[in-house]
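task: produce atomic coordinates for the following.
(one chain, ligands or ions: 2)
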Amino acid sequence: MSAQKPVTVTVTGAGGQIGYALLFRIASGAMLGPQTPVRLRLLEIPAGLKSAEGSALELQDCAFPALESVEVTDDPARGFDGANVALLVGARPRGPGMERSDLLKANGAIFGPQGAAINAHAAEDVKVLVVGNPANTNALIASAHAPDVPPERFNAMTRLDHNRALAQLAQVLDVPVASISNVTIWGNHSATQVPDISHGILTGPDGTQGSLVGALAKAIGSAQDMAQWFATTFIPRVAQRGAEIIEVRGSSSAASAAAAAIDHVHDWVLGTGSSWTSAAVVSDGSYGVPRGLVSSFPVTSQQGSWHIEQQLEMGADVRERLEVSVNELVEEREMVRSLGLI
Ligand SMILES: NC(=O)c1ccc[n+]([C@@H]2O[C@H](COP(=O)([O-])OP(=O)(O)OC[C@H]3O[C@@H](n4cnc5c(N)ncnc54)[C@H](O)[C@@H]3O)[C@@H](O)[C@H]2O)c1
Ligand SMILES: O=C(O)C[C@H](O)C(=O)O
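Ligands and ions are numbered 1, 2, ... in the order given. You can find the predicted model right below:
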């Protein structure tokens, strides 16, 4: 994707909460750079069209220099036609009394056909980020219906979990977020996700780098207190932050989810540098995660492709937690298989 060439970006669920927080940042150039012309396609179901059309009017009123066009449609063939980047946000939320299998079934009916439409109509270089929950397995479903698109191009979003972890750490250490690097979220975007700080680096104001774990032990009191804080405060805080937001706000995270989607695609397309981030990508078998599952890993991006960081040492605790999260992904895959969705 060259910098000046127009990029077609499709957003599903564009009339929803995340859509409203996402569209204006894409159009302003926050995702692909201010010099990259963007053609936006807003894909909705009929019930969401009015809301998406309202956003299209507001986008026009912003007069963003990089925004070439906006089109609203409820036709997936048109919505994904020529798409270079597709953000699959629209999903069926969990309703009262709904089981996980009901949710997977309802979303299979969305992500299967959308995967097929991407396969048939998107640009050859399409990159797909699934945000709608359950994101990892929805990405698996969409990818299964797009046999001509390499599975590496279907990602699920764990960048919000990654950003949440960075923010919590920065707060405890009273340092800028940007001074913390090489933190990882492993596994599923669910309460079983595995935040891991064991390789974390803290960069001081003078550029010197030290161990994040060491700095935390100092800030919290001792290595033992730090381990206790990590297991009983930090991990639940990060892994259950989505539920906390729902409780406090009355609906799920929207602006922070949109910001994370912007970060994910920005880094995927424009590169990460040497520090890694977290993204759910198709497993190549690394770290014992079964091949083909969409699982979160530490990743860097160069020239538009993610690379899973290799040969990181993994402590017993991280390994055990990852096994639980991966087992959940395996169960979800079995469930969608038994429902005939993949
Ligand atoms: N991965 C993450 O970190 C993360 C974070 C926050 C939210 N989410 C998930 O993102 C999803 C969207 O959240 P939201 O707050 O924007 O929800 P929302 O209900 O406000 O909006 C969803 C929109 O999707 C549309 N939609 C439904 N089915 C569609 C289809 N087949 N095609 C196109 N559009 C369709 C709806 O009409 C609605 O406008 C939810 O599944 C939520 O759980 C994920
Ligand atoms: O947790 C949720 O259900 C919403 C979302 O996935 C989040 O992490 O905020």
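
all contacts plus neighbour counts: C-alpha atoms, from now on.
Fine.

how about the residues of this structure near ligand 2?
Proximity of the chain to ligand 2, by Cα under 6 Å from any ligand atom, involves residues 242-243, 252-253.

relative to ligand 1, how far out is the closest residue to residue 15 other than its chain neighbours?
Of all residues not flanking residue 15 in the chain, residue 52 sits nearest, at 4.1 Å (Cα to Cα, 6 or more residues apart in numbering). With the distance defined as Cα to the nearest ligand atom, to the nearest Å, residue 52 ends up 8 Å from ligand 1.

and residue 131, by the same measure?
On the measure of Cα to the nearest ligand atom, residue 131 and ligand 1 end up 4 Å apart.

what of residue 60?
Taken as Cα to the nearest ligand atom, the span from residue 60 to ligand 1 is 20 Å.

same question for residue 4.
Distance from residue 4 to ligand 1, by Cα to the nearest ligand atom: 29 Å.

which residue is nearest the centroid of the protein?
Geometric centre of the chain, nearest residue: residue 157, 1.4 Å, by Cα atoms, centre = their mean.

quick check: closest non-adjacent residue to that residue.
Nearest one to residue 157, counting by Cα to Cα, 6+ apart, is residue 131 at 5.5 Å.

one step back: next secondary structure element downstream of the host helix or strand of the residue nearest to residue 15?
Following DSSP states H and E, one finds residue 52 within helix 49-62. Sequence order places strand 67-73 as the next helix or strand after helix 49-62, per DSSP H and E.

what angle do that following strand and helix 49-62 make?
170 degrees (axes from the mean of the first three to the mean of the last three Cα atoms, to 10 degrees).

mind checking the pLDDT average for strand 67-73?
The pLDDT scores in strand 67-73 average 98.

now whichever helix or strand comes after that strand, how far from the centre of its chain.
Per DSSP H and E, the first helix or strand lying C-terminal to strand 67-73 is helix 76-79. How far helix 76-79 lies from its chain's middle: 23 Å, per Cα atoms, centre = their mean, to the nearest Å.

after helix 76-79, which helix or strand is next? Please name it.
strand 85-88.

which parts of that next one are buried?
85-88 (16 or more other Cα atoms under 10 Å).

again, but for stretch 306-313
For stretch 306-313, by 16+ other Cα under 10 Å, it's 306, 308.

same deal with stretch 63-71?
64, 66-68, 70.

alpha carbons only: can I get it in CSV?
The C-alpha trace of stretch 63-71 is given here as CSV (Å, rounded to 0.1, in the frame of the first residue of the first chain):
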residue,chain,number,x,y,z
ALA,A,63,-13.9,18.7,5.5
PHE,A,64,-11.1,16.3,6.3
PRO,A,65,-8.4,16.8,3.5
ALA,A,66,-7.6,13.1,3.3
LEU,A,67,-11.2,11.9,3.0
GLU,A,68,-12.0,11.3,-0.7
SER,A,69,-15.4,9.7,-0.4
VAL,A,70,-18.0,8.1,2.0
GLU,A,71,-20.5,5.6,0.9
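
so who does the residue in the chain that ligand 2 sits nearest to touch?
Among all residues of the chain, residue 242 sits closest to ligand 2, at 3.4 Å; criterion: Cα to the nearest ligand atom. The neighbourhood of residue 242, defined by Cα atoms under 8 Å, 6 or more residues apart in numbering, consists of 252-253.
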